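Visitor: okay, sequence plus prediction incoming.
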Amino acid sequence: MSERLVIVPTYNEIENIDRIVEVVLGLPIKLHLLIVDDNSPDGTGARIKVLQSKHTRSLHLVERSGKLGLGTAYIKGFLWAMDRDYQYICEMDADFSHNPQDLPALFKACENGGADVAIGSRYISGVNVVNWPMSRVLISYFASVYVRLITRMKVRDATAGFVCYRRKVLEVIGLDKIKFKGYAFQIEMKFKAWKYGFQILELPIIFTDRKEGTSKMSGKIVSEAIFGVIGLKMASWFKKYKLDKHE
C-alpha cells in the first residue's frame, strides 16, 4: 500500500488519459493514482476501466453522475483518500499543464522537507507559463496579487491547482465546510491551511497550457474567485483558527 496518492479530476480527457496514467504511474516513486470522472461523454471513465486491468493495484476510479465542479471533484477524492491509509495527497490536472515529473519534488517537500502544503508555483520565481496568451497570463498573475492584497496570505500562486497536502491538513481544515466549487476552491484551501498555521512551501514549476482537449475556464469561475476572496476574508474575522500542535 502506497502512502502517496495523486488525484486527477477528468471531464472529456480522452485525448490525454492514457498518457497521463502511464507517465504518473511510471514515475520512480511508489504512488497510486485516483481518477475522479464526471461522467465524461467522450468515454474517459470507460477508458480508465480498461487501463485498470494493467494497473490493478495502483489505478483507481471514482465516477460521478455529471459535471459537478472542480472543487467538489477534489473533495470527493480527498475523502476517498482519507477513508484509506494515504498520508500524502497530491492534486493535478489531466492535461499535462502540470508536469508529472514535478510530483516527486512535491511529495518530498511534504514527506521530509518540512512542508504541510507544497505548491507547484508558476510565480515564485518569475512568471513560468508557456503557451498562454498574454491576456490570460496577466489575469492569472494579478489574480494572485489580488488574493495576497485582500487576504495577506504569503502565497504567490494562490490559484495553483498542483498541490500536495499532508493528511493532517485535510483533516483539520474541514472539507465539509469548503464553500467554493470552481477555481476559488484552490484559494480557499490554501487560505484555510494558512489560517490554521500550517507550513506552506512553494516550489517553482513551468506551467504549459494544454495541447489536447479544451479548457474548462469560464467567466462564472473567474467571478467566483474575485468575489469569493472578499467573502473568505470577511468570514475569517468571525472564526477562530486553532491548531493543536500536539496532535
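Guide: That came through, no problem.

Visitor: tally of neighbours for Ala193?
Guide: By the measure other CB atoms under 10 Å, the count of residues near Ala193 is 24. Where you see a C-beta, it was placed from the backbone N, CA and C, and this is true even at glycine.

Visitor: the chain: strands as residue ranges?
Guide: In the chain, the strands defined using DSSP state E lie at 4-10, 32-37, 59-63, 88-91, 117-121, 129-130, 163-166, 200-204, 207-208.

Visitor: ok, Ser125 to Ala193 distance?
Guide: Relative to Ala193, Ser125 is positioned 22 Å away (CB to CB, to the nearest Å).

Visitor: returning to what we had before: and the strands of the chain as TSV, adding mean pLDDT and mean neighbour count?
Guide: As requested, those are exported to TSV (pLDDT from 0 to 100; neighbours: other CB atoms under 10 Å):
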stretch	mean pLDDT	mean neighbour count
strand 4-10	98	26
strand 32-37	98	25
strand 59-63	98	18
strand 88-91	98	25
strand 117-121	97	25
strand 129-130	80	14
strand 163-166	98	26
strand 200-204	97	19
strand 207-208	88	20
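
Visitor: let's have those in CSV, adding distance to Asn16.
Guide: Below are the strands of the chain laid out as CSV (distance: least, CB to CB, whole Å):
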stretch, distance to Asn16
strand 4-10, 8
strand 32-37, 11
strand 59-63, 15
strand 88-91, 16
strand 117-121, 18
strand 129-130, 17
strand 163-166, 20
strand 200-204, 23
strand 207-208, 13
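
Visitor: of all these, which one is nearest Lys181?
Guide: Distance to Lys181, taken as CB to CB, is lowest for strand 4-10 among the strands of the chain, at 11.6 Å.

Visitor: quick one: the closest one to strand 32-37, angle?
Guide: Between strand 4-10 and strand 32-37, the angle comes out at 20 degrees (axes from the mean of the first three to the mean of the last three CA atoms, to 10 degrees).
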